[in-house]
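S.K.: Need a 3D model of the sequence below.
(one chain, ligands or ions: 1)
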Amino acid sequence: MLASEVDSSKVRLRATSDLVAAVKEIHPNPLYANYSADRLSGRVAGKTIGQDDGTVDVVVDVSCVHRDSDPILAEQLFFHEAMHVVIKQRGESLEIDDVRTIAQELGLALDIVGMASIAAEEARVEKEVRARFPDQPGPYRNGLEELGKEFRRGAEVAWNKYQDDDNVEDFYASVTSSFQVLVTASGYAAADFSATNVEVADVSFDPVVEQVAFGSNWSKLLALLMKESPAKTPTDITKLNTQVGHAAETVFDWLKDVGFSVVPKGDGVEIRVLNPLVWMINAFPSE
Ligand SMILES: [Zn+2]
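M.R.: The predicted structure follows:
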């Protein structure tokens, strides 16, 4: 690992050609149930997983260690994962129990708090990456609008499928997984905006995309994520939990802004499509 802050005796590294399968095998954590490789970053994918015994597994896509791969991208990937290790080894990474506690306290669905905690950690990690690789383009800066469109398209496909099969679990999983990509990307974007002194107020999207995928609570979330401390800065866990709670409430509001209410119900969740008629009439034109 590249960072001197890492205790590498407690880190296992695995390179794999099937990242998603490896992550699920190493840690069958419900937070990773919807985990899919980060296909939109333009970088090779990796994942860092903390274990209960204090050890950490780092899994990377094998293509990053191939002799033909870009060494700068590989270095960025390993540095990024090393920053996750730094956070986890200081005990500042929210685990499933923390996420559950926050969700119960705020009356939010577990998935919503999970999304917020992942985005917050990505913002912390990526702030260090941007500081170390200032000349490399930050991920997502120009990709957010496209991700917004993809979320909208994914939700439409899920909605149409639901009309045929009536499978609400599938519908829920499709909507939340495409939304999660957008939330995680917002964590990267927050770090990028901080590093380049971009104000959230100055960020604008195509008006249609703005309306169907972003909205005012997205701006609020970005502002919250931009305030996260960089990964190397030790941060009080209570403070981190409070920040994730605020971010989670904003993620919930954002998802409502774009048409879906997701609330806990019994042991599960309830998803409601808000104004489905309006939603379908305004269907995003396919390209
Ligand atoms: Zn990451």
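S.K.: Arg12 and Asp57, how far apart?
M.R.: 5 Å (C-beta to C-beta, to the nearest Å). Any C-beta I mention is one placed from the backbone N, CA and C, and that applies to glycine too.
S.K.: Between the two, point out the one with more neighbours.
M.R.: Asp57 (19 against 13; other C-beta atoms under 10 Å).
S.K.: Wasn't that one part of a strand?
M.R.: Yes. Assigned with DSSP: H, G, I helix; E, B strand; the rest coil, Asp57 falls within a strand.
S.K.: so who does it touch?
M.R.: 11-14, 26-27, 48-49, 51 (C-beta atoms under 8 Å, 6 or more residues apart in numbering).
S.K.: Please apply the same query to Phe260.
M.R.: 155, 175, 179, 271-274.
S.K.: So, low pLDDT: which residues of the stretch 151-287 of the chain?
M.R.: 276-287 (pLDDT under 70).
S.K.: Among the contacts of Phe260, which are located in strands?
M.R.: Under the assignment DSSP state E, the contacts of Phe260 contribute 271-273 to strands.
S.K.: Compare the residues you listed and tell me which is most surrounded.
M.R.: Of the ones in strands among the contacts of Phe260, with other C-beta under 10 Å as the count, Ile271 tops at 19 neighbours.
S.K.: check which helix or strand covers the residue nearest in space to the middle of the chain.
M.R.: Central residue of the chain (C-alpha atoms, centre = their mean): Thr184, 2.1 Å from the mean position. Thr184 is part of helix 168-195, with elements assigned from DSSP states H and E.
S.K.: So which other helices or strands are in contact with that helix?
M.R.: helix 110-132, helix 144-165, helix 216-226, strand 260-265, strand 268-273 (3 or more C-beta pairs under 8 Å, 6 or more residues apart in numbering; DSSP states H and E).
S.K.: between the fourth one and strand 268-273, how many degrees?
M.R.: Counting by axes from the mean of the first three to the mean of the last three C-alpha atoms, to 10 degrees, strand 260-265 points 160 degrees away from the direction of strand 268-273.
S.K.: Direction included, what does strand 260-265 pair up with?
M.R.: strand 268-273 (antiparallel) (DSSP bridges).
S.K.: from the chain's centre, how far out does the partner strand sit?
M.R.: 20 Å (C-alpha atoms, centre = their mean, to the nearest Å).
S.K.: Also stretch 114-122?
M.R.: 5 Å.
S.K.: what's that stretch in contact with?
M.R.: 31, 84, 87, 93-94, 98-99, 102, 176, 179-180, 183-184, 186-188, 190-191, 221, 225, 228, 240, 243-245, 247-248, 250-251.
S.K.: Which residue, neighbours along the chain excluded, lies closest to Thr101?
M.R.: Asn241 (7.9 Å; C-beta to C-beta, 6 or more residues apart in numbering).
S.K.: picking up where we left off before, residues contacting the residue nearest to the centre of the chain?
M.R.: Contacts of Thr184 by C-beta under 8 Å, 6+ apart are 38, 115, 118-119, 122.
S.K.: How about stretch 125-134, which residues are buried there?
M.R.: 125-130, 133 (16 or more other C-beta atoms under 10 Å).
S.K.: now, which of those sits nearest Asp206?
M.R.: Glu126 (24.7 Å; C-beta to C-beta).
S.K.: Could you give the number of residues near the residue nearest to that closest one when sequence neighbours are not counted?
M.R.: Once flanking residues are discounted, Glu126 sits nearest to Ala191: 3.5 Å by C-beta to C-beta, 6+ apart. Neighbour count for Ala191, taken as other C-beta under 10 Å: 27.
S.K.: Okay, Ala191 and Asp111: tell me how far apart.
M.R.: In terms of C-beta to C-beta, Ala191 sits 23 Å off from Asp111.
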